[in-house]
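Asks: 3D, please:
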Amino acid sequence: MKFPFIIRYLAQKTFWVIVRPIRACYRFFVRPTYKAAKVVVVRDNKILLVRPDYGHRQWTLPGGNLEKGETYEEAAIREVREETGLEVRDLTFVREYEADHTYFKSLIQSFATEVSDEHFTIDGIEIKEAAWFPLNQLPKGMVPRSRKTTETFIAMRQGR
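Replies: Down below sits the predicted model:
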């Protein structure tokens, strides 16, 4: 391990030890609705999935919350770049859905894009692992909402 990685890793872990209970209290009393974007990244009939190093730790689509003043599309492009190092463009809308979480909700728009480069880079802090999976062989440990989005994308692609 490199020294800067250790510092970033410890800083993030310390941050969440302090912030997690504060965030839980805020969500309990305010019950906010967050906006988020997810992206089905495809190359050669394979989909790129990530496994975060927090929360559910299951295979999911790259993506995350919108920042202030950001559109869903801008957030989708930024989140894919932050989580995988891939530059994406030409997003196609797949679906919008609402996810219920403990004390808050997320309104999520999902998109799809094709990339020409299969090489990705993860930071090992926020994203623990990433891998390409054949569209017809999705992993068992996949977040159900991401599976539904991927299935919707496949149906769109097949013209259903």
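
Asks: so where's this protein uncertain?
Replies: Residues of the chain meeting the criterion pLDDT under 70: 1-3, 160.

Asks: need the helices for it, in chain order.
Replies: 3-30, 72-84, 144-157 (DSSP state H).

Asks: which segments of the protein make up each domain?
Replies: Domain ranges of the chain: 1-30, 32-157, per automatic domain parsing.

Asks: highest mean neighbour count out of those domains?
Replies: Ranked by mean neighbour count, the domains of the chain are led by domain 32-157 with a mean of 17 (mean count of other CB atoms under 10 Å). C-beta coordinates here come from the backbone N, C-alpha and C atoms, glycine included.

Asks: for that one, how far is the first residue from the last?
Replies: Across domain 32-157, the terminal residues are separated by 34 Å (CA to CA, to the nearest Å).

Asks: same thing with stretch 36-54?
Replies: With CA to CA as the measure, stretch 36-54 spans 17 Å from end to end.

Asks: just how off-centre is it within its chain?
Replies: Stretch 36-54 has its C-alpha centroid displaced from the chain centroid by 7 Å (CA atoms, centre = their mean, to the nearest Å).

Asks: how about stretch 62-82?
Replies: 9 Å.

Asks: residues in contact with that stretch?
Replies: 34-39, 41, 48, 50, 83-84, 86-89, 91, 106, 108-111, 113, 126, 130 (CB atoms under 8 Å, 6 or more residues apart in numbering).

Asks: how about Val30, what does it touch?
Replies: Going by CB under 8 Å, 6+ apart, Val30 touches no other residue.

Asks: circling back to that earlier point, closest one to His56 among the helices of the chain?
Replies: helix 144-157 (10.3 Å; CB to CB).

Asks: partner residues bridging Arg95?
Replies: Beta-bridge pairing for Arg95 (DSSP bridges): Ser110.

Asks: and the gap between it and His119?
Replies: For Arg95, the distance to His119 equals 28 Å [CB to CB, to the nearest Å].

Asks: do the same with Asp90
Replies: Per CB to CB, Asp90 is found 19 Å from His119.

Asks: same check on Tyr9?
Replies: Taking CB to CB, one finds Tyr9 at 23 Å from His119.

Asks: same check on Ile108?
Replies: According to CB to CB, Ile108 and His119 sit 27 Å apart.
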